[in-house]
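Asks: Next come a sequence and a model predicted from it.
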Amino acid sequence: MLRGSLKMHNRFTNRCVGRAASSRPLNFANTQISMKGKSNFELFRALFVFSICRIRPLVLQSEFLVRMSYKILGNKITDSMMKLTFFGHFCAGEDTKEITPRVHQLEDCGVGSILDYAAEADLISNPNTVKQLSSKIIDSKVKVRTYPYSDEANCDKHRDTFIECIRAAREASSADAKCFAAVKVTALGDPELLKTMSNTIIEFRKLYYRLNPENKPFLTRDDFRIRFNDIFESDWNSDELYDILDKNNDNMVDLADWVNNIPIDEIHTLITSHCQDKHGPLSVAVLNDEERELYDAMANRLRRLAEVAKENNVRVMIDAEQTYFQPAIDYLTHELMFEYNVNSYPVVFGTYQMYLKDSMDRLQLDIARAERYNYTFAAKLVRGAYMVTEAEYARENNKPSPIHNNLQGTHDNYNNALEFVINKIADNLQKNDESNAGLEIMFASHNQQSMELAVKQIQHHELSPPDCGIYFGQLLGMVDHLTNTLGFHKYRSYKYVPYGKVSEVMPYLIRRGVENSDALGGASKEIKMIVEELKRRLF
């Protein structure tokens, strides 16, 4: 049930006493602020949950223990126990009615919500499926949800589930709150199609560099002609293709024009049908008639989600996935951005995994594309969640690893991207008289050093935290000292808020358990801060 705008105003104007305009660093160790919205019961529950997570044998047997609980104690008792403990800590509820109080509680602390429907497989009706997912999570430290493809009808069901999530985000949040809903593209189409699309996009980009072997910043019409006849049939005029690419008529075509102005489903008609080599890598990679039909269906599902999000004043957060899917996901995301991120209000956010070696180049290119074609670029930056599977895929296919060689390389890349984007926002706001940065970003990270760096950069540029288009995001039930401290000081702070039936979110809960059972997972710090706050309150 939506509340009035007056109550919303009071909620967000009374949530803290100070502005973040000062240059003082934020104190993330102040538990009085970071745990302000937590009841004593919630603190004791968090202490219990994190303490159990540190007992790794229990985490490794968690799926078996819960399954036995369902068998011996029954659904009602087991669900109640889970809601009082792990589910209640890491998830917001089972449906819109249950999640609404939790979303309002977050808003009281200055924190928004990114709703994430976390159901994967029912432990009661599909115990073997959950067991398989659990073993993969524990053995490979898989941190993310996957959607096995069965048929197009199932993809339509996933689309409808995401639509419900978008509407739930609006219904559970206050009237004027900026809220998000998370979406995974692999739920909306055949992953094999995404692989084919990604290969097409990669080969299409390689063709650009065949036309531009010197890697010039751009190709003039004369540059374009030099190698055109080495690749294409002699009866095709190079000006015909150049006119399609040079939509600005500025006699400059660069990679941004190349990837933006030839739709993937028209590459065969516009490009490969004119190639001399009918069996070259791009000619082999292009979508066939059946694949183009499946592509249209997937793109229409995504477009429907964007439409519903726009109608409900919700932002769609499209998650990043494995590198063999990502070029296709990026392509689909930017198609949606071009259509829906207009009038300085972005509906669609993409995701960049900064543990990838090419992530900074892609980020800069995509921001340049958005500037040139006059739509608002919007994305979240994460470190990455597919390290094990990416390494295995590279090894099995005899390819170099796409991931930075060490953890410090990932940290450096993330922080460099963070500084680049904030500098860009500051420059754009100055040029546009502080009316529109043309760019919004979410720093989604549990790394305190990165959050401190972002705050320092925002203060350095004297940006207004609530209004500059910079957001912060963390998972519900983890690193509250980051999220709540940022929210208290008027930064746009968000929690990923999972929900779904208790029996269906077990894989998600096991992932959180595994994450916090790791010595580097942060549970020790969480426990120390919780104990400190309980002592302050009780003694």
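Replies: Right, received. Where do you want to start?
Asks: Quick check: closest non-adjacent residue to Pro281.
Replies: Glu203 (4.8 Å; C-beta to C-beta, 6 or more residues apart in numbering). Any C-beta I mention is one placed from the backbone N, CA and C, and that applies to glycine too.
Asks: Look up the pLDDT of the nearest residue to Lys184 once chain neighbours are set aside for me, please.
Replies: In space, and not counting its chain neighbours, Lys184 is closest to Asp319: 5.0 Å by C-beta to C-beta, 6+ apart. Here, the pLDDT recorded for Asp319 equals 93.
Asks: now do the one 10 residues further on
Replies: According to the predicted model, the pLDDT of Ile329 comes to 96.
Asks: on that earlier part again, I figured the residue nearest to Lys184 was touching Phe349, is that so?
Replies: No. Taking contacts as C-beta atoms under 8 Å, Asp319 lies outside contact range of Phe349: 9.8 Å.
Asks: picking that back up, ramachandran coordinates for the residue nearest to Lys184?
Replies: phi -70, psi 150 (degrees, to the nearest 10).
Asks: residues in contact with it?
Replies: By C-beta atoms under 8 Å, 6 or more residues apart in numbering, the contact list for Asp319 reads 144, 182-185, 351.
Asks: Compute the distance between it and Leu475, please.
Replies: To Leu475, Asp319 is 13 Å away according to C-beta to C-beta, to the nearest Å.
Asks: Which helix in this structure has the most residues?
Replies: When the chain is parsed with DSSP state H, its longest helix is helix 407-431.
Asks: elements contacting it?
Replies: Counting contacts by 3 or more C-beta pairs under 8 Å, 6 or more residues apart in numbering; DSSP states H and E, helix 407-431 is packed against helix 359-372, strand 377-382, strand 439-444, helix 448-460.
Asks: Let me know the average pLDDT across it.
Replies: For helix 407-431, the per-residue pLDDT averages 95.
Asks: For that helix, buried residues please.
Replies: Buried residues in helix 407-431, defined by neighbour count with 16 or more other C-beta atoms under 10 Å: 410-411, 413-415, 417-418, 421-422, 424-426, 428-429.
Asks: doesn't Leu282 make contact with Thr272?
Replies: Yes. When contacts are counted by C-beta under 8 Å, Thr272 is listed as touching Leu282 (5.7 Å).
Asks: where does the stretch 351-500 of the chain have low pLDDT?
Replies: Across the stretch 351-500 of the chain, the ranges flagged by pLDDT under 70 are 433-436.
Asks: do the stretch 151-300 of the chain as well
Replies: If you take pLDDT under 70 as the line, the stretch 151-300 of the chain has no such spans.
Asks: doesn't Tyr491 make contact with Phe472?
Replies: Yes. Using C-beta under 8 Å, Phe472 is in contact with Tyr491, at 6.0 Å.
Asks: So for these two, which sits in the more crowded spot?
Replies: Each of Phe472 and Tyr491 has its neighbours counted (other C-beta atoms under 10 Å); Phe472 has more, 27 against 24.
Asks: mind listing what the more buried one touches?
Replies: Phe472 sits next to 442-444, 451, 454, 482-483, 486, 491-494 when contact means C-beta under 8 Å, 6+ apart.
Asks: and the angle for the helix or strand where it lies with helix 448-460?
Replies: According to DSSP states H and E, Phe472 maps onto strand 470-475. Counting by axes from the mean of the first three to the mean of the last three C-alpha atoms, to 10 degrees, strand 470-475 points 160 degrees away from the direction of helix 448-460.
Asks: How far away from the center of its chain is whichever helix or strand comes after strand 470-475?
Replies: Where DSSP H and E defines the elements, the next helix or strand beyond strand 470-475 is helix 480-488. Put simply, helix 480-488 sits 20 Å off its chain's centre (C-alpha atoms, centre = their mean, to the nearest Å).
Asks: now stretch 530-539
Replies: 35 Å.
Asks: do the same with stretch 415-427
Replies: The mean C-alpha position of stretch 415-427 is separated from the chain mean by 18 Å, C-alpha atoms, centre = their mean.
Asks: burial of the closest residue to Pro498 other than its chain neighbours, as a residue count?
Replies: In space, Pro498 comes closest to Ala118 once its chain neighbours are excluded; the distance is 3.6 Å by C-beta to C-beta, 6+ apart. The number of residues packed near Ala118 is 24, by other C-beta under 10 Å.
Asks: Check Ile231 too.
Replies: Ile231 is flanked by 18 other residues according to other C-beta under 10 Å.
Asks: Report the central residue of the chain.
Replies: Taking C-alpha atoms, centre = their mean, the centroid of the chain lies closest to Asp319, which sits 3.6 Å from it.
Asks: what about it, distance to Lys36?
Replies: Where Lys36 is concerned, Asp319 sits at a distance of 30 Å (C-beta to C-beta).
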